[in-house]
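Colleague: just to be clear, the model below is a prediction. Sequence and coordinates:
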Number of protein chains: 2
Amino acid sequence: MKKLLDIFSQFILCDQALSEICCRFELKYYQKNELVQKEGFVANFLYFIDKGTLIIGNELEHKTITRYMAKENEFLACIDSFINRNISKEFIQATEPTTVYRISKDDFDVLVKKYPGVGEFCQKYFVESLIKCQQRITDLISLDSKSYYKNIVENNPEYIQKMNQYNLASFMGIKPESLSRIRKPD
Amino acid sequence: MKKLLDIFSQFILCDQALSEICCRFELKYYQKNELVQKEGFVANFLYFIDKGTLIIGNELEHKTITRYMAKENEFLACIDSFINRNISKEFIQATEPTTVYRISKDDFDVLVKKYPGVGEFCQKYFVESLIKCQQRITDLISLDSKSYYKNIVENNPEYIQKMNQYNLASFMGIKPESLSRIRKPD
DNA sequence: TTCCTTTCTTAACAAATGTTATTTTTTGGT
DNA sequence: ACCAAAAAATAACATTTGTTAAGAAAGGAA
């Protein structure tokens, strides 16, 4: 719980606020490959990863894709669904044994209303996510897959350690066989 | 100015707030291909497009890419630079004669501090942008370029009308010659 | 209009990626 | 250690995309 509170402590929040945040987050454990959230439902939780890794992806007609991987000490949610209460088109899955702290939408709304610092946290989280997202688009449209792989090796080596070939390939927008080729030494 | 105020009116803002917003936005005109903002500087303005089209892109070693195109009645800024006062790696350019309302970072900060509705607007803008960004990533990694082109024709035909072949191709992550092939009837 | 520049198209060939199928390796459970 | 299942590597071939270069079309300016 410490890491989670450290993050919220960056915002102006009294001790009472912090302890209330503690109360409203709930510890949860997921096995490897377990579905944390299924697509087709309203996403009712925001997750903070204490230990482990979660991926968020889509179940499409012919394939399953991995849009993002979240690691330890990161927050994760199906944003459109969690914020706007739309049905989520995305699922969340653990790629290894994972423990998270999760908070329900209702509880989170209470915190946002009660403590301005929580709203500020949200703002910062959205802006950071947006910037990362934009950078990813830039990478996807400007780099060939070999360069993109190098990029990941240098900047996000955890992606390579924690995602299997299928997930990582779809994350990169290619087929597993192509990723295998890229990895093969010349 | 009406459209701009319509958007802010969706948030709880008194008449005085709305008229102050009016004052702090400044009308600006850009010619076709004119640079609205150069990369390498701190982006000091947020833009609202009254008429015309802006693209935001990167000047990379060997090429120039178009990451996003913003159309009429849309807001646009180099987010990382505008919010965090980092040096922008991106430029903004008009793809046709374009009039915008722009507001400086300092003026915008004043509005945010003074009127909670402006902060709410920000929050909504960031969330919407993030959701669109995530969807774009999903499309980029899951669709081949023919499908992606169809997707644009159906959902964002303005992209095809307003961007030239070079910009649209880089937006799609391919070369202009490949886009030409995709467009050619079988 | 004419001329010039830019943009777009086309084609031939090279390189990368997708497809299909099979083999090898790894993993997890007994 | 053994076996079965899953994951990854490999290969042959098809398709797509990149590259290079040339020519056609479109758009502006005088």
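Modeller: Structure received. Note that the coordinates shown come from a computational prediction; the quantities given were computed from them, not determined experimentally.
Colleague: and the helix or strand that contains A:Val118, what's buried?
Modeller: Element membership of A:Val118, judged by DSSP states H and E, is helix A:116-142. Neighbour-count burial for helix A:116-142, counted by 16 or more other Cβ atoms under 10 Å in any protein chain shown, picks out A:117-131, A:133-134, A:136-142. Every residue, glycine included, has its C-beta placed from N, CA and C.
Colleague: the helix or strand that that helix is followed by to helix A:116-142, inter-axis angle?
Modeller: Helices and strands here follow DSSP H and E; after helix A:116-142, the next one along the chain is helix A:145-155. Interaxial angle of helix A:145-155 relative to helix A:116-142 (axes from the mean of the first three to the mean of the last three Cα atoms, to 10 degrees): 150 degrees.
Colleague: shaky segments in chain A?
Modeller: The model of chain A has pLDDT under 70 over residues A:186.
Colleague: spell out which residues of it are next to chain B.
Modeller: Residues of chain A found near chain B (Cβ under 8 Å from any Cβ of the partner chain) are A:58, A:60, A:63, A:65, A:67-68, A:79-80, A:83-84, A:119, A:122-123, A:126-127, A:129-131, A:133-134, A:136-138, A:140-142, A:170-173.
Colleague: in chain A, which spans are strands?
Modeller: Applying DSSP state E to chain A gives strands spanning A:26-30, A:35-37, A:45-51, A:54-59, A:64-70, A:75-76, A:90-94, A:98-104.
Colleague: helices or strands up against the second one?
Modeller: Think strand A:35-37. strand A:90-94 (3 or more Cβ pairs under 8 Å, 6 or more residues apart in numbering or on different chains; DSSP states H and E).
Colleague: so what touches the strand it packs on?
Modeller: A:30-39, A:47, A:52-59, A:67, A:76, A:78, A:81 (Cβ atoms under 8 Å, 6 or more residues apart in numbering or on different chains).
Colleague: just want the angle from the helix holding A:Val118 to strand B:64-70.
Modeller: 130 degrees.
Colleague: just put the strands of chain A in TSV and tack on distance to DNA strand D and mean neighbour count.
Modeller: Formatted as TSV, these follow (distance: least, Cβ to the nearest atom of the strand, whole Å; neighbours: other Cβ atoms under 10 Å in any protein chain shown):
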stretch	distance to DNA strand D	mean neighbour count
strand A:26-30	16	14
strand A:35-37	14	18
strand A:45-51	21	21
strand A:54-59	13	21
strand A:64-70	11	20
strand A:75-76	21	22
strand A:90-94	11	22
strand A:98-104	16	21
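Colleague: would you mind getting the angle between the helix holding A:Val118 and strand B:54-59?
Modeller: Interaxial angle, helix A:116-142 versus strand B:54-59 (the same axes, to 10 degrees): 70 degrees.
Colleague: is helix A:116-142 positioned near DNA strand C?
Modeller: No. Counting by Cβ under 7 Å from any atom of the strand, DNA strand C has no neighbours in helix A:116-142; the shortest distance is 11.7 Å.
Colleague: residue contacts, A:Ile160?
Modeller: A:Ile152, A:Val153, A:Leu168.
Colleague: of these, just say which sits nearest to chain B.
Modeller: A:Leu168 (11.1 Å; Cβ to the nearest Cβ).
Colleague: and that closest one, what is it in contact with?
Modeller: So A:Leu168 contacts A:Thr66, A:Tyr159, A:Ile160, A:Leu179 (Cβ under 8 Å, 6+ apart).
Colleague: looking at those residues, which is nearest B:Ser88?
Modeller: A:Tyr159 (26.6 Å; Cβ to Cβ).
Colleague: that closest one reaches A:Ile152, doesn't it?
Modeller: Yes. Contact status for A:Tyr159 versus A:Ile152: in contact at 5.3 Å, counting by Cβ atoms under 8 Å.
Colleague: please say which of those two ends up with more neighbours.
Modeller: A:Tyr159 (21 against 18; other Cβ atoms under 10 Å in any protein chain shown).
Colleague: quick one: that one from DNA strand D, how far?
Modeller: The spacing between A:Tyr159 and DNA strand D, counted by Cβ to the nearest atom of the strand, to the nearest Å, is 12 Å.
Colleague: got the contact list for that residue?
Modeller: A:Met69, A:Ile152, A:Leu168, A:Phe171.
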